[in-house]
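>>> what's the 3D shape of this:
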Amino acid sequence: MKLIGVSGTLAGNKTSQAVHDVLAAASLIDSTIKTELIDLREYEVEFCRGEPLTYYNDDTWKVVKKVLDADFVVFGTPIYQASISGVLKNLLDFFPEYAFKNKVTGIIATGASEKHFLVPENHLKPVLSYLRGLVPSTNVFVHNDFFDIETDEIIDHGISKRIHHLAEEMIFLQRSIDSRLNSSEK
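Predicted structure coming up:
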């Protein structure tokens, strides 16, 4: 199985670190799972103009293809102005309606206000559900105070446990989907 993590920000390291921690937890749970972090800071994903994907640059193609080819995906976003990041929403605009059918799509978010812990549930989950992704019951919000100020590593044990639970639930759900699909093909 291939798990892709998408860090949906162009600034800072906290969201990338949080997504990385989900990927690392998944690898600890099952070392056969292949993981890859797509940090959108490293790609020139074009602004979605509603045109066919063939009209966009190589980086846009590469990121969209990697996400589509993954068995399951965890999306990370910082919370800006009580919403997901524009760069993540832009990426999601490239996917067709059934892009995540039979895929688990996990969520991890970072932010400076504890009042924003419901943003992933109210802003990102509906988009992933529209794209037919199965969103786990567990999502993780990491307040900026839970990161080490110098290394941006998560230093809160409770958050680390929640990240581990998210990875466990994602793996369980994706295996269940795959098992059901494999048994229906027989």
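
>>> wasn't Lys101 part of a helix?
No - going by DSSP: H, G, I helix; E, B strand; the rest coil, the assignment for Lys101 is coil, not a helix.

>>> residues contacting it?
132-133 (C-beta atoms under 8 Å, 6 or more residues apart in numbering). Any C-beta I mention is one placed from the backbone N, CA and C, and that applies to glycine too.

>>> phi and psi next, for it.
For Lys101, the backbone dihedrals are phi -60, psi 130 (criterion: degrees, to the nearest 10).

>>> cool, the one 4 residues further on as well?
Recorded main-chain torsions at Thr105 are phi -130, psi 100, according to degrees, to the nearest 10.

>>> the nearest residue to His143 once chain neighbours are set aside: how many residues sit nearby?
Leaving aside its sequence neighbours, His143 sits nearest to Glu114 (C-beta to C-beta, 6 or more residues apart in numbering; 5.6 Å). Around Glu114 there are 10 other residues, counting by other C-beta atoms under 10 Å.

>>> thought Phe146 was touching Glu114, still the case?
No - Glu114 is not in contact with Phe146 according to C-beta atoms under 8 Å; the separation is 10.4 Å.

>>> what's the residue most central in space within the chain sitting at in phi/psi?
Taking C-alpha atoms, centre = their mean, the centroid of the chain lies closest to Phe75, which sits 1.3 Å from it. The phi and psi values for Phe75, taken as degrees, to the nearest 10, are phi -100, psi 130.

>>> what does the one 10 residues further on give?
The phi and psi values for Ser85, taken as degrees, to the nearest 10, are phi -70, psi 150.

>>> one more: the one 3 residues further on?
Leu88 has phi and psi values of phi -70, psi -40 when expressed as degrees, to the nearest 10.

>>> enumerate every residue touching it.
6, 8-9, 40, 75, 77, 124.

>>> kindly recompute the last result at 10 Å.
By C-beta atoms under 10 Å, 6 or more residues apart in numbering, Leu88 lies in contact with 6-10, 15, 40, 75-78, 109, 123-124, 127.
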